[in-house]
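Q: coordinates for the following, if possible.
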Amino acid sequence: MNPPISGPATITASQRTDAGAVVLLSGGLDSTTVLAIARSEGLDIHALSFRYGQRHSVEVAAAQRIARKMGVRDHRIVDIDLVQFGGSALTADIPVPKDRDLGASSPASGEIPITYVPARNTIFLSYALALAEVTGSTSIFIGVNALDYSGYPDCRPEYITAFETMANLATRAGVEGKTRISIRTPLIALTKAAIITLGVSLGVDYSDTTSCYDPGPGGEACGRCDACQLRLKGFKEAGLADPIAYARDAHSFAGRTAQ
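A: Numbers count the residues shown, from 1 in each chain. As a prediction, the model looks like this:
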C-alpha cells in the first residue's frame, strides 16, 4: 500500500476498521476532499474513476496521483464511451461556456448548463454499487454539492435519497437484509469555501487536483469555465491561494489569491 498523506487524516493500521467504502474519485477538488473524509474515518477504501470521453481527461491522471498518495486499498479506472451519446460540452463538439454569471444557473433558476452530462452520476453510482456488492462495502461516497455548483439535477439531495432507496431494492445484500448500502454525501450542504477549509484540515494537497472543464495543453486551468469560477470563489472566500496553474489570460486569474 502506498504511504498515506501527512496530517490529521492519517490512520494507523491499528485504527483502521473492517468497513469498506467505495469512493467516486474524479481527481477534482470535491471528490478528493470526500476521499480524505472517508480515509479519516478509517475506512477500507476502493477508489473508482472513469474515462468517459470527457475533454478534461487530465482529471484521470490527477485521480491516479491522488489515489497513490492517499493510500487507498485499490483504484479502478473504468472506460465508458459517453461520447456515443454526446449532449454535453464535456462529451461532444460543443464549446465550454466561459465567463457565465453563475447566479443565473443557481438551483432556483431551473437552468441546467450545457456542461451537464446526461445521467452521469446515475451511471457512476451504478458502477459504484456493483463494486460495493463485490467488495462487501457498505458505503458509497460521492462529492455532490447542492450549494456552490452549476445546477446539475443529479447533485440534489432528493436524487441521492432516491438512488439509495433503489440501491437497497436492487442488490442481493439489500434483498436478503444482510447489509444496507448508504450513499454518503458529506459535502452536499457545504459551500466551496467550507469544503476547502475542511480538506485542508484533513491534510489534502489541492495542488494535486484539477477542476477545469477546458484545460490547456499543459493541463493549466482556463479560469473562466463554471468549475474554475466556483473553485476560485471558494479559495478566495476561504482566504487561501489556489495552488494549481491557470492560463495567463484567464479572466479570473487575479482571484487566485484572496484579497
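
Q: list the contacts for the closest residue to Thr179 other than its chain neighbours?
A: Nearest residue to Thr179, sequence neighbours excluded (CB to CB, 6 or more residues apart in numbering): Ala173, at 4.0 Å. (C-beta placed from N, C-alpha, C; glycine too.) Going by CB atoms under 8 Å, 6 or more residues apart in numbering, Ala173 touches 133, 179-181.

Q: which SS state does Asn145 fall under?
A: Under the three-state scheme (DSSP: H, G, I helix; E, B strand; the rest coil), Asn145 adopts coil.

Q: give me the number of residues near it?
A: 22 (other CB atoms under 10 Å).

Q: what's near enough to touch it?
A: 30, 155, 187-188, 190, 192, 195.

Q: next: Arg120.
A: 52, 82, 154.

Q: the last one against Pro118, yeah?
A: No. Look at Asp154 against Pro118 with CB atoms under 8 Å: they stay out of range, at 9.3 Å.

Q: which one's more surrounded, the two?
A: The residue with more neighbours, out of Asp154 and Pro118, is Asp154; 19 against 14, by other CB under 10 Å.

Q: so that one sits in a helix?
A: Yes. The assignment for Asp154 is a helix, going by three-state DSSP.

Q: mind pulling up the pLDDT for it?
A: Asp154 carries a pLDDT value of 92.

Q: over to Ala167?
A: Reported pLDDT for Ala167: 95.

Q: that one - how many residues pack around it?
A: Around Ala167 there are 22 residues (other CB under 10 Å).

Q: how about the helix or strand where it lies: buried residues?
A: Using DSSP states H and E, Ala167 sits in helix 157-169. Of the residues in helix 157-169, 159-160, 163-164, 166-168 count as buried by neighbour count, 16 or more other CB atoms under 10 Å.

Q: likewise stretch 120-138?
A: 120-121, 123-125, 127-129, 131-133, 137-138.

Q: which residue ranges form the helices in this structure?
A: 29-40, 58-69, 120-135, 157-169, 172-176, 192-201, 226-238 (DSSP state H).
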